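In: structure of the sequence below:
(2 chains)
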Amino acid sequence: MIQLRRWKVVLVVLATLFGIVFTLPNLLPASVTQSWPAILSQKLNLGLDLQGGSYLLLEVDTAALQKETLNNLVEDVRRDLQTAQIPFTGLAVANGAVGVRITDPSQAPAAYNTLAKLAQPLPGAATGRDLTVTRSDQIITLTPVPEAQKAAAAKAVDQSIEIVRRRIDQLGTREPTIVRQGADRIVVQAPGESDPERLKRVIGQTAKLTFQMLDETVPPDQVAAGRIPPQDELLDQPNTPSEPKVLVQRRVLVSGDQLVTAGASFDQYNRPVVSFRFNGVGARRFGDATTQNVKRRFAIVLDGKVLSAPVINEPITGGSGQISGNFTTESANDLALLLRAGALPAPLKVEEQRTVGAELGADSVRAGAFSLGIGAVAIFIFIILAYGLFGVFAAIALVVNVLMLVATLTATQATLTLPGIAGLILTLAVAVDANVLIYERMRDEAREGRPPLMALDNGYRRAMVSIFDANVTTLISAVIMFSLGAGPVKGFAWTLGVGVLTSLFTALLITQVLIGWWFKATRPKQLPI
Amino acid sequence: MRWPLIRFLPSHTHFDFVKWAPFAAVLSTLCIVGSIFSFVTHGLNLGIDFAGGTMIEVVTPGAAPLAALRTDLLQIGVHDPQVQGFGAPNSALLRFKPAENVSAVDSVALVRQRLSARVPGIQFKSITVVGPKVSGELFRSGFIALAIAIGLMLLYIWFRFQLQFGFGAVVAIAHDIFLTIGVLSVLQIEFSMTSIAALLTVIGYSMNEKVITFDRLRENLGKYRKTPLREVINLSENERLSRTMITGTTAILALVGALFLGGPALFPLVFTMVFGIIIGTYSSIYVALPVILLWGVNRDAGEAAPLKSATQRP
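Out: I've put the predicted structure just below:
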């Protein structure tokens, strides 16, 4: 074994070169590595806890999405039955379905035929409809099919990711990563963003903008008594203390998805406003609505709250307009950004947030590097004191081990976290164990009077079993942590796992090659161990 | 000229390890009972990952006014506000849960705004918010990871050694987990997601020790077929002692730097690892081996096949 095979030497030299080449960029300033090819100038991918930044785990509120689907369905049923001139009562959502009672039993079959047309083919499926419409006598029930709900939720998550990405890009956040996690979650990582309040404000808003007419036909005392017609809704108007609530028609004239552009500007009184422009369809609809309703009021509704409810002085046919609503310059900018990026299909909830200031990150890097340095030096001194020359070989192997480990982490662009650094230190300690096992065997063999070459050989061969078994157990825990652990633990596990492999390589092969060279050169009669 | 090699021990030691096993058993049992008692009465100091809530690390211009910060939090109206020093005297860690009907996001924004007004120059170094849903999931996945890892390692031991060895390892690992959880509970060191990683590492290291212990025992059982088990265990441990000392000392030396200089964020993780290394070394000798001694080993049927390279004698 100790006879030097050429492949062993070549492998050791290659591995060492790999370690040096990929570790080097981490030690050099960026100005030096800039001109290098991309693959060679990569640096360690530091976790957010080390470089500072924000991690947000968002959940798409699919329950709200289903609720909205049902509410829309109610409006569809109302519209269709009114168009077909079929009288009805008790139109409401109950138990995840929409129910309606047809007043005249003889019209029930016709009503059923009308409402059955609401069911659309299931997207992405050959057969099936997204609604089941059933009738028992005068009662007609419309139930969304679970598959359709699931598909809608999945689509909503996809759309949300897209919209969140557009919004964050417009904020100018540096290199954000936005990925899906599980069925209905989105992970946003923004390195360097240590004040995520604006980020969260921008992400957390649905930004559903609608234009709806006010219902001014209902006397205020009726509204105060809670007698609200079914086609109307009472909405808050938070910016106008003189009129905290307004009654608006549920029917939407135009919605935010018809906008082509939006921007912050100032009105004639120099107050911040959001100006917008509709696309062709939106402009026509808005023009028609304003032409028919001159001198009446309409409401600009954002996420269920009225921003403002101006009077239509004259028809607005140009397709552009302004929204006022007690904005500051920043909030006008934010709203314009949200309108440009589009509305979220469902609200997003922040389930988890981890923000680390850049300064704290730098402190952690310093503390981690310092601990690593102290740990390594302690190991070097101790192992050299314990095994002399062979200890030096083990220390050299350890240096190559660190190089290979850092190089692998750099090359794979795996995230190094603060716990990962602790994993790294432990890896070094355990790596030394392999050499300790080998050297102790050699001592035993030498003590039993075996000639040096045989003692060396047996040392490696007989320690192998223990080393192999011991490392398999560590590898098991690393794999489990990696596949089941969350964020910081994953980084720790990856470091530990890669560390086991590089340790095995360096502790076995590198020391072997070094001892082989030494043996060839000196031909000792006795092992210095 | 010879290097003055450190020898901790004479080249041949003859400690009677097994003689102390009954005392060790009593000690271990007492410690386990104490750990369980502390776990039941004090519980673990669950970190935000598992308990949910909001944690903010702040740095103030002068010494951190801990009491004033607590009063401020109370006035802002959050639930269970806790304020503690964190590393340096001008650092503090605020923990609280949002008031009812207030989203965690809004409550963080409110706290930031109010504290900035009341303590001029305050800096927010890190903010962590974990919702109740996520904390439950993290807790579950953490423990599932722990259970699966232990199960797989035991399966491996069972596959590579005799059943008795596997059982000895189970008892020893259980012992290690109880004591580690116990010490975390007694000292009220924060238990978070990284503590699960630390526990897994402790178990990994301990398993490592057991494998090395069993390996040597198995080898000697083959070599000295007529010697009583008790003496083979003593012999194996004496042969292994030098390695145990060197590796254990190296591992602890390597981590001591991180323990004291790694900062408060790293302390719970490194502390758990250092404790685990000590306890794992102890439990190999005084838990796993005595269990095997009590059960006895099947010495005629031979061992489960070791790796080929081990059986080849030169």
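In: figure out the helix or strand that the residue lying closest to A:Thr291 once chain neighbours are set aside lives in.
Out: Leaving aside its sequence neighbours, A:Thr291 sits nearest to A:Pro315 (CB to CB, 6 or more residues apart in numbering or on different chains; 4.0 Å). Yep, even glycine has a C-beta here, placed from its N, CA and C like the rest. Per DSSP states H and E: A:Pro315 is located in neither a helix nor a strand.
In: can you give me the strands in the stretch 51-200 of chain B?
Out: Taking DSSP state E, counting those that start in this stretch, the strands of the stretch 51-200 of chain B run over residues B:53-59, B:79-86, B:88-97, B:123-130, B:190-191.
In: quick one: secondary structure of the closest residue to chain B within the stretch 251-400 of chain A?
Out: Closest contact between the stretch 251-400 of chain A and chain B, by CB to the nearest CB, is at A:Ile374 (3.0 Å). Following DSSP: H, G, I helix; E, B strand; the rest coil, we place A:Ile374 in the helix state.
In: look up how far B:Ala88 lies from it.
Out: Counting by CB to CB, to the nearest Å, the gap from A:Ile374 to B:Ala88 is 20 Å.
In: picking up where we left off before, what residues does the residue of the stretch 251-400 of chain A closest to chain B make contact with?
Out: B:256-258, B:261 (CB atoms under 8 Å, 6 or more residues apart in numbering or on different chains).
In: can I get the CA coordinates of the lowest-mean-pLDDT helix or strand in chain A in PDB?
Out: Of all helical and strand segments in chain A, the minimum by mean pLDDT, DSSP states H and E falls on helix A:30-33, at a mean of 75. Extracted C-alpha coordinates of helix A:30-33, given in PDB (Å, rounded to 0.1, in the frame of the first residue of the first chain):
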ATOM      1  CA  ALA A  30     -12.300  41.500  -6.400                       C
ATOM      2  CA  SER A  31     -10.200  43.900  -8.500                       C
ATOM      3  CA  VAL A  32      -7.700  41.100  -9.100                       C
ATOM      4  CA  THR A  33     -10.100  38.400 -10.000                       C
END
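In: correct me, but A:Val145 touches A:Gln120?
Out: No - A:Val145 is beyond contact range of A:Gln120, at 10.5 Å (criterion: CB atoms under 8 Å).
In: which neighbours do those two share?
Out: Common neighbours of A:Val145 and A:Gln120 (CB under 8 Å, 6+ apart) are A:129-131.
In: filter the residues you listed to the buried ones?
Out: A:130-131 (16 or more other CB atoms under 10 Å in any protein chain shown).
In: I'd like the shared contacts of A:Val145 and A:Gln120 as CSV, with distance to chain B and pLDDT appended.
Out: As requested, those are arranged in CSV below (distance: CB to the nearest CB, whole Å; pLDDT from 0 to 100):
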residue, distance to chain B, pLDDT
A:Arg129, 33, 79
A:Asp130, 28, 82
A:Leu131, 30, 84
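In: among the shared contacts of A:Val145 and A:Gln120, which are in strands?
Out: A:Leu131 (DSSP state E).
In: quick one: which of the shared contacts of A:Val145 and A:Gln120 is nearest A:Arg78?
Out: A:Leu131 (15.6 Å; CB to CB).
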